[in-house]
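Here is a sequence with its predicted model. Questions after.
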Amino acid sequence: MKSLVIFKVGDTFDRLSKQIGDFDRWIIDGIGYFPYPLSVIDPRKENDLPDNAIVAGAIITGSHSMVTDRAAWSKNLATWLRSAVAMNIPILGICYGHQLLAHALGGDVGYHPGGIELGSVSIKRTAEAVGDPLFSGMPEVFSAQVVHRQSVLRLPEKAVLLAENAFEPHHAYRVGDFAWGVQFHPEFSADAMAGYIDEVAENSHADDAAPASSCHMAIPTAEAASLLPRFAGLVKQRMN
């Protein structure tokens, strides 16, 4: 039977992992009940990625790595993503996954000129999001958890912009019918966000000073979190 695959491309801070788990666990918890197989694959450790024929959908986690590092495992996953998008396999890229998906499909990724965006911030959906299968249920303005220094500087050709804010013009997009990228973190709880704020504060340098648009606070972001079970529901529909 086909499965929903989570590509775990990074690890959270050790302190957070010991307290509340890691990225893959946050995503699984965020999805909730899913009646079909769900698997976690770490492409940093496994050279052979799954055959598209056995993948019902895929979620790519965030990472402390950078897409511009062009790591061999990242290039390998980018190649897999191109083939999966061509086959209309539902894809959800989160933060690093959002950027890698854009890069794989011809977009540009690099350091955001404004520095780091960090905290629970306000994001606005675009007019195009109203008819989108994943974003149609989102309010016009919603709160979401963010922590990123790199960004999708240019969307892939024919990508549909779905969400933005004053700091990040490409917070969400769709390519084709079933491939989405979100710069924000639907899997982050308020506790996870607070942990990142603390870690960044403890390890900050002068060039890490947050821009005015960042908000160094952590609040629950239920609307953003709703994307995970909604994406899983789209995958489930296609498996029935």
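Done, it's in.

any chance you could map the helices in this structure?
14-20, 23-31, 72-86, 96-104, 190-202, 222-225, 227-239 (DSSP state H).

Can you find the helix or strand of the chain with the lowest average pLDDT?
Least confident helix or strand of the chain, by mean pLDDT, DSSP states H and E, is helix 190-202 with a mean of 93.

and the angle from that one to helix 23-31?
150 degrees (axes from the mean of the first three to the mean of the last three C-alpha atoms, to 10 degrees).

Restricting to C-alpha, output helix 190-202 in PDB.
Output of helix 190-202 as PDB, limited to C-alpha atoms (Å, rounded to 0.1, in the frame of the first residue of the first chain):
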ATOM      1  CA  ALA A 190       3.900  27.900  20.900                       C
ATOM      2  CA  ASP A 191       6.400  25.900  23.000                       C
ATOM      3  CA  ALA A 192       8.500  25.100  20.000                       C
ATOM      4  CA  MET A 193       8.500  28.700  18.800                       C
ATOM      5  CA  ALA A 194       9.500  29.900  22.300                       C
ATOM      6  CA  GLY A 195      12.300  27.400  22.300                       C
ATOM      7  CA  TYR A 196      13.600  28.800  19.000                       C
ATOM      8  CA  ILE A 197      13.400  32.400  20.200                       C
ATOM      9  CA  ASP A 198      15.400  31.400  23.300                       C
ATOM     10  CA  GLU A 199      18.000  29.500  21.300                       C
ATOM     11  CA  VAL A 200      18.500  32.300  18.800                       C
ATOM     12  CA  ALA A 201      18.800  34.900  21.600                       C
ATOM     13  CA  GLU A 202      21.500  32.800  23.300                       C
END
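
Now do the buried residues in it.
A192, M193, A194, G195, Y196, I197, V200 (16 or more other C-beta atoms under 10 Å). The way it works is simple: take the backbone N, C-alpha and C, and place the C-beta from them, glycine included.
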